[in-house]
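Asks: Provided below are the primary sequence and the corresponding predicted coordinates.
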Amino acid sequence: MRAVLLFLLGAFLGAQSHPGVVMTIYKDGYALVKSDVKWAFPTPGNTVRLGNLPSGILDTSPFLQLTNGRVLDQTLKRDRSQGWTRLEHLIGQEVEVRITNEKSHTGRLVEVGAASITLQEKEEIRVITRDKIDYILTDGTVTAHPTSPELIWHLQSAAEDTVRGTLLYFSSGFEWKANYRLLMESSGTAARLEVDAQVANHSQATYPGTHLQLVEGKLQRPTSPPVQPQPMGMRAKALDVESAGYPAEKSLGDFHIYRLDRTYDLTPGDLVSVPLYAPRDVTYRKTYVFASSERSSKEEPLKLELELDNSAENHLNLPLPAGVIQLFLETETGLEFLGEDQFRPVPKGETVKLEGGRAFDVIGKRRILNYSQQRKSAEASIEITITNHREESIQVKVVETITGNWVIRDESAMYIKQDANTIYFPSTLEPNTSQVITYTYRKSWN
């Protein structure tokens, strides 16, 4: 039997037609790392080592599969004795302690021991053992963290000079999110939708020549969500659209996976942005919403709601991952920022619904004209005035929330019952005009 020594992974990958590092990042902050490995030359003790591993590596996840060898044993070594020498100088200061797979703790550092530290939090004193600590931050800067974990194997192989295989492991410290931009024309309902994926490496490990795969969906895991470190000075990088093209979107069981078609060097603190889809010319619907409940009286600008159909007719019909969308208006002087919103994953054929702030030139006013209450019933007469100061006609939706067992009578406009507690009055309001809506509701209870 021959022992083997682990070569630098990069030297092996450079000779391959397909790079051997693939990182699949999920929406829950975990990543699956798959690395092709090649080992050569016997060494005493049949021992090989691999460092530059993220501190968030899951203890039970490393899996080495050899094509022409055998793993005798595997050790994941976490050396946390280094990196803590400055802690004694932080006694008395406010620090934030990031715990592996748990929430972070913030407080005044009062004691540093050989195996633990002590924090004075707002309401209690907390003792944290060092083997649970991922990072310690002061003023948002990483002050101390453990050295990189290391994998150690004892191997057997009948090969003369090489052993090949694949290493897989899960780790926290990685995330991705979708960023959208809706560039709306100054008039009409036409817009351009741009979608980027932003990948973050929160770990202390470096991954050269990495293929990225992004999964929309969260894994079923029995552990708590990962706690992400927040290293300072993160570097944002954008991939060249001309050379990168666009990711290929495919199904992965019940999830969607986006495969980027080039490699990237992921270093600690990087934020990598890449177009997820080609820009799309779309149309949207704009509605001004005035929402109130039973006994509220108010006067305020209406809320702006936008809707985009995720359909082939609207040049979409795509699985849209959850993300943040920024709204811009194209003007003579360039783009103006209107606000941003978040939305859930939107499957093909459904509608994206967004909130776009409030319109100062569309005003709603609600008054309670009459209210009376008996022992088991109540009745109220409502007046709502919507004024459009714009130079264009608009779509308006007046939403009323009424709980309990109720009936509507004497309504001045047609309404639609949305659910058991909600009605709304839809209308089109011409430029520089007002509309008055009145109705009476009666509710009863036992």
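Replies: Nice, thanks for sending it over.
Asks: in the stretch 101-250 of the chain, which spans are helices?
Replies: 241-244 (DSSP state H, counting those that start in this stretch).
Asks: pretty sure residue 26 is in contact with residue 177, am I right?
Replies: No. The pair residue 26 / residue 177 is not scored as a contact, 11.6 Å apart, by CB atoms under 8 Å. Just so you know, the C-beta spots here come from the backbone N, C-alpha and C atoms, and that holds for glycine as well.
Asks: give me the more crowded residue out of those two.
Replies: Neighbour count, other CB atoms under 10 Å: between residue 26 and residue 177, residue 26 has more, with 22 against 15.
Asks: which one is that one nearest to, not counting chain neighbours?
Replies: residue 215 (4.9 Å; CB to CB, 6 or more residues apart in numbering).
Asks: what bridges to the one you found?
Replies: In this entry, residue 215 is beta-bridged to residue 257, by DSSP bridges.
Asks: also residue 288?
Replies: residue 304, residue 396.
Asks: how about it, what does it touch?
Replies: Contact analysis of residue 288 by CB atoms under 8 Å, 6 or more residues apart in numbering lists 302-305, 359, 362, 386, 394-397.
Asks: between these, which is nearest residue 157?
Replies: Nearest to residue 157, judged by CB to CB, of the contacts of residue 288 is residue 305 at 64.3 Å.
Asks: low-confidence regions, the stretch 101-250 of the chain specifically.
Replies: Low-confidence segments of the stretch 101-250 of the chain (pLDDT under 70): 101, 131, 134, 140-147, 159-160, 217-250.
Asks: what segments of it are strands?
Replies: 105-112, 116-120, 125-129, 133-138, 141-144, 150-156, 162-172, 174-184, 190-201, 207-216, 235-238, 248-252 (DSSP state E, counting those that start in this stretch).
Asks: and those strands as JSON lines, adding distance to residue 278?
Replies: Formatted as JSON lines, these follow (distance: least, CB to CB, whole Å):
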{"stretch": "strand 105-112", "distance to residue 278": "44"}
{"stretch": "strand 116-120", "distance to residue 278": "50"}
{"stretch": "strand 125-129", "distance to residue 278": "48"}
{"stretch": "strand 133-138", "distance to residue 278": "38"}
{"stretch": "strand 141-144", "distance to residue 278": "38"}
{"stretch": "strand 150-156", "distance to residue 278": "41"}
{"stretch": "strand 162-172", "distance to residue 278": "32"}
{"stretch": "strand 174-184", "distance to residue 278": "13"}
{"stretch": "strand 190-201", "distance to residue 278": "9"}
{"stretch": "strand 207-216", "distance to residue 278": "16"}
{"stretch": "strand 235-238", "distance to residue 278": "16"}
{"stretch": "strand 248-252", "distance to residue 278": "12"}
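Asks: wait, which of those strands is closest to residue 440?
Replies: Of these, nearest to residue 440 by CB to CB is strand 174-184, at 39.4 Å.
Asks: mind listing what that closest one pairs with, with the direction of each?
Replies: Strand 174-184 is paired, per DSSP bridges, with strand 190-201 (antiparallel), strand 323-331 (parallel).
Asks: buried deepest among those, which one?
Replies: strand 190-201 (a mean of 20; mean count of other CB atoms under 10 Å).
Asks: hmm, back to that, show me which pair in the contacts of residue 288 is furthest apart.
Replies: Maximum distance among these (CB to CB): 14.6 Å, for 305 and 386.
Asks: neighbour count winner among the two?
Replies: The neighbour comparison of residue 305 against residue 386 (other CB under 10 Å) goes to residue 386, with 24 against 17.
Asks: so how far is the helix or strand that one falls within off the chain centroid?
Replies: Applying DSSP states H and E as the criterion places residue 386 in strand 377-388. From the chain centre to the centre of strand 377-388 is a distance of 40 Å (CA atoms, centre = their mean, to the nearest Å).
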